[in-house]
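S.K.: for reference, the sequence and a predicted model appear below.
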Amino acid sequence: MPEYGFATRAIHAGQEPDPATGAVIVPIYQTSTFAQEAVGVHKGYDYARSGNPTRTALETALAALEGGAHGIAFASGLAAETTLALALLKSGDHVLCGDDVYGGTYRLFKRVLEDKGIATSFVDTRDADRVEAAIRPATRLIWLETPTNPLLKLADIAAISAAGRAHGALTVVDNTFASPACQRPLELGADIVLHSTTKYLGGHSDVVGGILVTSHDEIAARLRFVQNAAGAVPGPFDCWLVLRGIKTLQLRMRQHGENALAVARFLQNHPAVEQVIYPGLPEHPQHELARRQMHGFSGMVSFLAAGGERAANKIVSRTRLFTLAESLGGVESLIEVPAAMTHASVAGSTLEVPAGLVRLSVGVEDVDDLLADLDQALD
Ligand code: P1T
């Protein structure tokens with residue numbers, strides 16, 4: 001549905017009334033198999049690992065939101081990453097990865113794929129020239145998070161994708177932190193977009209899932225083949241929850257962004273805070289790039305607590321509205337210490353994050369309540 005705007009696609013793409021019953025909302029096709037009239041004669045579905053109408057709706061909708069031709073859904077963000085690696089990489093290949101990524105992504109590359117002969121090196125993706133210089137003859141994938149988890153560094157998607165193309169490497173953008181409401185990497189030249197749909201796309205902290213979107217037909221066919229062959233697919237109810245979530249994505253992201261900016265400004269003026277990181281702040285060193293390639297700056301804010309690890313641990317134990325928990329992107333505000341929680345698996349590596357770093361997933365509650373909660377926790 002390219003002729004419609006983003007918010008319209010979020011509500012309608014892949015979500016026409018059910019042809020069988022007229023149900024306005026895509027039904028949860030809770031079935032593992034589908035009747036065949038004769039051997040191989042059926043209505044497009046034979047077995048639910050290979051395909052399910054609720055999943056098809058989600059895949060169509062998310063492809064439309066990212067401006068891509070094909071969506072391929074998975075049981076988690078990491079299942080999407082694993083399937084992508086199985087489908088596109090072989091022993092001897094090299095992955096060039098950003099030097100600030102989700103701890104689980106690092107763990108997959110270093111502690112699972114390296115044993116299979118796939119090498120990964122890490123580079124500061126804030127500098128497109130440095131990324132290009134680090135491309136090797138064996139580099140098959142360039143793996144970007146932008147903004148990164150948890151330091152909110154940005155990568156110039158257009159410049160890096162062009163460099164990758166010139167050297168025969170595919171650029172994958174993990175767009176989990178921005179969501180397609182704020183950033184659409186395929187439109188900037190990236191080859192594949194990945195999401196943990198657990199986060200902003202689901203939006204309510206009640207589902208775990210993942211998606212890959214691409215406009216390359218051959219790559220999509222290969223990914224879809226391995227989706228079925230390896231089998232890390234989402235169930236129909238999980239697909240339905242994400243479909244329900246994306247209907248309000250645009251509205252939620254607007255409020256996440258507004259609240260996050262207010263929180264970032266508040267923290268900037270607080271003596272218990274050493275440094276605030278939010279791409280929407282003019283003081284963010286890459287704010288110009290953020291304005292160029294994003295449409296809104298999302299709801300993730302990180303800050304360094306004055307007083308380091310002890311101070312950080314104290315703050316996160318004192319908030320009442322900001323719940324101390326891993327994950328992000330739900331309507332409720334969350335707070336965590338990446339070094340000890342989401343990024344424990346990068347400890348001791350070059351990706352290690354500061355022990356005094358606090359990460360906020362700013363929700364859509366009344367912003368004055370959020371500011372008051374942080375104020376009493378930082379006191
Ligand atoms: O948790 P899962 O759905 O498997 O997604 C993994 C993943 C992939 N990419 C990014 C950028 C992520 O942030 C995540 C998961 N992250 C957290 C759970 C977290 O709290 O950072």
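M.R.: Here it is on my side, so go on.
S.K.: does A155 lie in a helix or a strand, and which?
M.R.: Using DSSP states H and E, A155 maps to neither a helix nor a strand.
S.K.: give the contact list for it.
M.R.: Neighbouring residues of A155 by CB atoms under 8 Å, 6 or more residues apart in numbering: 98, 125-126, 128, 131, 144-146, 148. C-beta coordinates here come from the backbone N, C-alpha and C atoms, glycine included.
S.K.: of the residues you listed, list those near the ligand.
M.R.: Near the ligand, taking CB under 6 Å from any ligand atom as the test, the members of those found are E145.
S.K.: so which bits of the stretch 151-300 of the chain are right by the ligand?
M.R.: Contacts of the stretch 151-300 of the chain with the ligand, taken as CB under 6 Å from any ligand atom, map to 174, 176-177, 196, 198, 208, 210.
S.K.: related to what we said a few turns ago, from the contacts of A155, which ones fall inside helices?
M.R.: Using DSSP state H, the subset of the contacts of A155 located in helices is 128, 131.
S.K.: quick one: which of the contacts of A155 is most hemmed in?
M.R.: When the contacts of A155 are compared by neighbour count (other CB atoms under 10 Å), T146 ends up highest, at 29 neighbours.
S.K.: return the closest of the residues of the stretch 151-300 of the chain next to the ligand with respect to E187.
M.R.: D174 (16.2 Å; CB to CB).
S.K.: ok, back up a step: what would the contacts of A155 look like in a markdown table with pLDDT?
M.R.: Listed next are those as a markdown table, based on pLDDT from 0 to 100:
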| residue | pLDDT |
| --- | --- |
| G98 | 98 |
| T125 | 98 |
| R126 | 98 |
| A128 | 98 |
| V131 | 98 |
| L144 | 98 |
| E145 | 98 |
| T146 | 98 |
| T148 | 98 |
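S.K.: any idea how far the residue of the stretch 51-200 of the chain found nearest the ligand is from G209?
M.R.: Closest to the ligand within the stretch 51-200 of the chain is G77: 2.4 Å, counting by CB to the nearest ligand atom. In this view, G77 and G209 are 8 Å apart by CB to CB, to the nearest Å.
S.K.: over to Q227?
M.R.: From Q227 across to G209, the span is 13 Å (CB to CB).
S.K.: what do those two both touch?
M.R.: Counting by CB under 8 Å, 6+ apart, the common neighbours of Q227 and G209 are 73-74.
S.K.: send the alpha carbons of stretch 233-248 over as CSV?
M.R.: Output of stretch 233-248 as CSV, limited to C-alpha atoms (Å, rounded to 0.1, in the frame of the first residue of the first chain):
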residue,chain,number,x,y,z
VAL,A,233,8.5,-18.9,13.9
PRO,A,234,6.1,-16.8,16.0
GLY,A,235,2.8,-18.2,17.1
PRO,A,236,-0.5,-16.7,15.8
PHE,A,237,-1.4,-15.0,19.1
ASP,A,238,2.0,-13.3,19.3
CYS,A,239,1.6,-12.1,15.7
TRP,A,240,-1.8,-10.7,16.6
LEU,A,241,-0.4,-8.8,19.6
VAL,A,242,2.2,-7.1,17.4
LEU,A,243,-0.5,-6.3,14.8
ARG,A,244,-2.6,-4.7,17.5
GLY,A,245,0.4,-2.8,18.7
ILE,A,246,1.4,-1.3,15.4
LYS,A,247,-2.0,0.3,14.9
THR,A,248,-1.0,3.0,17.5
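S.K.: which residues touch that stretch?
M.R.: Contacting residues not belonging to stretch 233-248 are listed as 10-11, 15, 26, 28-31, 48-49, 52, 54-55, 57-58, 61-62, 65, 73-75, 197, 201-204, 206-210, 227 [CB under 8 Å, 6+ apart].
S.K.: where does this protein have low pLDDT?
M.R.: For the chain, the stretches flagged by pLDDT under 70 are 1-2.
S.K.: what are the boundaries of the helices in the protein?
M.R.: Under DSSP H, the chain gives helices at 6-12, 53-66, 77-88, 103-108, 128-134, 157-166, 217-230, 236-246, 249-268, 287-293, 308-318, 367-378.
S.K.: which strands or helices does the third one pack on?
M.R.: The criterion is 3 or more CB pairs under 8 Å, 6 or more residues apart in numbering; DSSP states H and E, and the helices and strands that helix 77-88 contacts are strand 70-74, helix 103-108, strand 170-174, strand 192-196, strand 210-214, helix 217-230.
S.K.: with that, I have no additional questions.
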